[in-house]
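>>> missing the sequence, but the structure's below:
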Ligand code: AMP
Ligand code: ZN
């Protein structure tokens, strides 16, 4: 299931060192090498999937349970004031490692982390049209 030249597959195989804070049969959670904040971690699926859309159902159904469990402990141990769960899919969305992962970013009052966007605006009926277009697929 691993992919050649995938840095996260290499970390999972132990070929590249990492600091692991949680591991089970499906996921490994490591300290991010370039942290946004103190304690920033990334949760890697053990199987190689490129992104969220490619995940198998079993991994998808377990991922948020593990993220929730570990986020709770991180909040307690790091005594952070908040925590962002961030998950990038595709280069346009900021994904740089194309192996499914979830960021766990502890937040501290007055930290320098910037997860922000300018508030947009829809024309009349535009939001309803978009919702209807997507809803028609289900
Ligand atoms: P993304 O931009 O969502 O694809 O996130 C990839 C993340 O992986 C970035 O935050 C990187 O800092 C992190 N990263 C890349 N290489 C390593 C590594 N060897 N060990 C730990 N984290 C890494
Ligand atoms: Zn991989």
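On my side now, so go ahead. What you see is a predicted model, and the numbers here were worked out from it, not measured in a lab. Residues are numbered from 1 along each chain as shown. Ligands and ions are numbered 1, 2, ... in the order given.
>>> what does the top helix by length along the chain contact?
Longest helix of the chain, by residue count under DSSP state H: helix 57-78. Residues from elsewhere that reach helix 57-78 (CB atoms under 8 Å, 6 or more residues apart in numbering): 21-22, 24, 26-27, 29, 38-39, 41, 43, 45, 47, 49, 52, 55, 80, 83, 85, 100, 102, 104, 106. The way it works is simple: take the backbone N, C-alpha and C, and place the C-beta from them, glycine included.
>>> give the rounded mean pLDDT of stretch 107-120.
Averaged over stretch 107-120, pLDDT sits at 96.
>>> beta partners of the residue nearest to the spatial centre of the chain?
The structure's the chain has its C-alpha centroid closest to residue 102; by CA atoms, centre = their mean the separation is 1.6 Å. Note on residue 102: beta-bridge partners residue 43, judged by DSSP bridges.
>>> in this structure it contacts residue 42, no?
Yes - at 7.1 Å, residue 102 counts as touching residue 42 under the criterion of CB atoms under 8 Å.
>>> ok so, going back, and the longest helix of the chain, what's its mean pLDDT?
98.
>>> contact residues of this structure facing ligand 2?
Neighbours of ligand 2 within the chain, by CB under 5 Å from the ion: 3, 6, 8-9, 48, 99.
>>> other SSEs contacting the helix or strand containing residue 11?
Taking DSSP states H and E as the criterion, residue 11 maps to helix 7-13. The contact analysis (3 or more CB pairs under 8 Å, 6 or more residues apart in numbering; DSSP states H and E) places helix 7-13 against strand 27-31, strand 41-45.
>>> most tightly packed of the ones you listed?
Greatest average neighbour count among the helices and strands packed on helix 7-13 goes to strand 41-45 (a mean of 24), per mean count of other CB atoms under 10 Å.
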